[in-house]
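*Asks:* here is a sequence with its predicted model. Questions after.
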Amino acid sequence: MAINNTEMLRLIDSISRDRNVDKESLFSDIEQAMVSAARKHYNALDTDEFVSEVDRLTGQIRVWRGDEEIDLADLGRIPAQTAKQVMIQRFREDERASIYNEFIDRVGELTTGMAQRYEGGSLVVSIGRAEGFMPRSEQIPGEQHQPGERVRCLILDVRDAGNQVKIVLSRGDEMFIRRLFEIEVPEVAERIIEVKAMAREPGHRTKIAVSSIDSKVDAVGACVGVRGSRIKNIVDELGGEKIDIVRWNESSQILIQNSLKPAEVVEISLCFELGRATVVVNEDQLSLAIGKRGQNVRLAARLTKWDVDILTPAEFTKSLDILETCLKTIEGLEAEQIDKLAALGVISVFDVEEVGAAYLEETLALDEEMAEKILETSSARAKTVAEEQAKEKEDAERTRQQQEKELASMPGEAQAASVLGEILPGGGSGSIVDMLESRQAESAGQEPGQETTDENAGADESVAEDNQGDDSQAQADGEAEQATEVEAEVEAGVDTEADKQTSTETT
């Protein structure tokens, strides 16, 4: 018996359009389902003896067992349920395959979805006819999305997990920043400006190195835009994350110097053997070069692919002096060879220990015995220096703890004078006390240092006695209020300096 089912053809056509599944695959699924139903009806183990065919024009379904055509009406309810389950399962598999094939080709692209919910810290986002998830590690720290909110994200990965397709989304990946630049800066999308390198700490700061293949196009200026219009759109999308645009240079020294801005670099020494760059900055530029919690130098190291060490001129000179003094004790080693070692970026006894004897033999043209002797001497000196540095660190920590203990035991006014007096110009504790006295004199309408006189010395003594307690209390309250004002002003000054430092770090 054959079944003519035009309604089935309309359903097949609708499913094919809505779920982007090939129509031929759906017909094959129906044929496989009918074979399963027939095998169930006859309790047959071999499926090869059953054949099913669906007419693509009329929807007619026919099933044969060998050369004998089976009447579909005789199959019964249980085989029909089997056919239904097989059909649904095969349809779902086709849909998963369709979703996988669609999104696997979009890996690395930006997409905009709708936030749905959080599941175990991961954000579920609806993107078209599929759902993607954004793990906590790929989210921007501190960023929260409400259900129904539009979310722009990067398709990071697509995985076939058997019964479902997992689409991994990201807003914390470096590629997300690159794609945003391609949208906001046409020169980047057209490859006139090339993004050479990038380093990012999501939610905090990103450093991006750019160069232009057209001498008429300024890479940094084009990325920033007129009055910062282009970079502002990117920063807004990232929730205020700071972005440093660095001018790329093939010279590692210039690139490292650019990546550490706004800090001013005095000297850079490169050791290619260790992949280490020793950067010398003045004392007042040290905090700028290092950045908040070491963020600036850490991102610069990742951007340039160099291990960056920041030293002051005094520390750099001391390290070279220790190395020179150590190597001069070795007989047969010439001063030119020591200078050559320093020129190659080996500036401390620790560096000599790291490069090893083979490097010393090759670069300084030494025999194996001399190289081993240099290495042995440097290792011994490095151990001594390490012990001295550890002792200095312990002493500094002990001194700090002692100062904190002494500070905690001081009265409130003396404590403020001790801590804040060093911040004020010319300040020891005396400057704070003088300021307090000056404020008290001004509040009483006197010149600083002027003694209090009683204009009503001949007044009734009984009235003076009545007001004595009130005057004492008022004076104490006034002094406390003045001390609080001074401390507030000093703290405001400190905050202002900190704000200046922070604004200087921002490009």
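*Replies:* Cool, the structure landed. Numbers count the residues shown, from 1 in each chain.
*Asks:* show me where the stretch 201-350 of the chain has strands.
*Replies:* For the stretch 201-350 of the chain, applying DSSP state E, counting those that start in this stretch gives strands covering 205-212, 242-247, 265-271, 276-281, 307-311.
*Asks:* name the SS class of residue 21, please.
*Replies:* Three-state call for residue 21 (DSSP: H, G, I helix; E, B strand; the rest coil): coil.
*Asks:* contacting residues for it?
*Replies:* 15, 91, 94, 95, 98 (CB atoms under 8 Å, 6 or more residues apart in numbering). C-beta here means a position set from N, CA and C on the backbone, and glycine is covered the same way.
*Asks:* so can I have CSV of those residues showing pLDDT and secondary structure?
*Replies:* Output for the contacts of residue 21, formatted as CSV (pLDDT from 0 to 100; DSSP: H, G, I helix; E, B strand; the rest coil):
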residue, pLDDT, secondary structure
15, 79, helix
91, 82, helix
94, 82, helix
95, 82, helix
98, 85, helix
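*Asks:* check the gap between the most centrally placed residue in the chain and residue 244 for me.
*Replies:* Central residue of the chain (CA atoms, centre = their mean): residue 201, 1.2 Å from the mean position. According to CB to CB, to the nearest Å, residue 201 and residue 244 sit 11 Å apart.
*Asks:* burial of residue 341, as a residue count?
*Replies:* Each residue near residue 341 was counted by other CB atoms under 10 Å, and the total is 24.
*Asks:* ok, now how distant is it from residue 374?
*Replies:* For residue 341 relative to residue 374 (CB to CB), the value is 9 Å.
*Asks:* shared neighbours, these two?
*Replies:* Applying CB under 8 Å, 6+ apart, one finds that residue 341 and residue 374 are jointly contacted by 327, 352, 360.
*Asks:* now do the contacts for the residue nearest to the first one when sequence neighbours are not counted.
*Replies:* Nearest-residue entry for residue 327: residue 338, 5.0 Å, with adjacent residues in sequence omitted and distances by CB to CB, 6 or more residues apart in numbering. The contact partners of residue 338, by CB under 8 Å, 6+ apart, come to 323, 324, 327, 328.
*Asks:* for residue 338, report the pLDDT, please.
*Replies:* For residue 338, the pLDDT comes out at 87.
*Asks:* wait, isn't residue 29 in contact with residue 95?
*Replies:* No: look at residue 29 against residue 95 with CB atoms under 8 Å: they stay out of range, at 10.9 Å.
*Asks:* higher neighbour count, those two?
*Replies:* Using other CB under 10 Å as the criterion, residue 29 and residue 95 rank with residue 29 on top: 22 against 19.
*Asks:* what about residue 198, is that helix, strand or coil?
*Replies:* strand.
*Asks:* how many neighbouring residues does it have?
*Replies:* Neighbours of residue 198 (other CB under 10 Å): 19.
*Asks:* how far away is it from residue 19?
*Replies:* Counting by CB to CB, the separation of residue 198 from residue 19 is 38 Å.
*Asks:* same deal with residue 12?
*Replies:* Taking CB to CB, one finds residue 12 at 11 Å from residue 19.
*Asks:* neighbour count winner among those two?
*Replies:* More crowded of residue 12 and residue 19, by other CB under 10 Å: residue 12, with 22 against 15.
*Asks:* where does the stretch 1-150 of the chain dip in pLDDT?
*Replies:* Scanning the stretch 1-150 of the chain for pLDDT under 70 picks out 1-4, 45-48.
*Asks:* spell out the residue ranges of the strands in it.
*Replies:* So, for the stretch 1-150 of the chain - with DSSP E, counting those that start in this stretch - the strands run 50-54, 61-65, 68-70, 110-119, 122-127, 130-134, 150-160.
*Asks:* could you single out the most deeply buried of those?
*Replies:* strand 130-134 (a mean of 22; mean count of other CB atoms under 10 Å).
*Asks:* just how off-centre is it within its chain?
*Replies:* Remark: strand 130-134 is offset 22 Å from the chain centroid, using CA atoms, centre = their mean, to the nearest Å.
*Asks:* in its sheet, what does it sit against?
*Replies:* According to DSSP bridges, strand 130-134 forms sheet pairs with strand 122-127 (antiparallel), strand 165-170 (parallel).
*Asks:* pop the domain breakdown of the protein in here.
*Replies:* As assigned by automatic domain parsing, the chain contains the domains 6-103, 106-172, 249-311, 316-405, 411-450+476-507.
*Asks:* rebuild those domains as CSV, extending it with distance to residue 182.
*Replies:* Formatted as CSV, those follow (distance: least, CB to CB, whole Å):
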stretch, distance to residue 182
domain 6-103, 20
domain 106-172, 9
domain 249-311, 19
domain 316-405, 37
domain 411-450+476-507, 20
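*Asks:* go through those and name the closest to residue 237.
*Replies:* The minimum distance between residue 237 and the domains of the chain falls on domain 106-172, with 6.6 Å, by CB to CB.
*Asks:* residue 36: which of the strands of the stretch 1-150 of the chain is closest?
*Replies:* strand 50-54 (8.7 Å).
*Asks:* using PDB, write out the CA atom coordinates for that closest one.
*Replies:* The C-alpha coordinates for strand 50-54 follow below in PDB (Å, rounded to 0.1, in the frame of the first residue of the first chain):
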ATOM      1  CA  PHE A  50      14.000  -3.600   3.900                       C
ATOM      2  CA  VAL A  51      13.900  -0.700   1.400                       C
ATOM      3  CA  SER A  52      11.900   2.500   1.600                       C
ATOM      4  CA  GLU A  53      11.300   5.200  -0.900                       C
ATOM      5  CA  VAL A  54       9.600   8.600  -0.700                       C
END
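*Asks:* change the start of the numbering to 13 and stick with it
*Replies:* Sure, I'll start numbering at 13, so the last one becomes strand 62-66.
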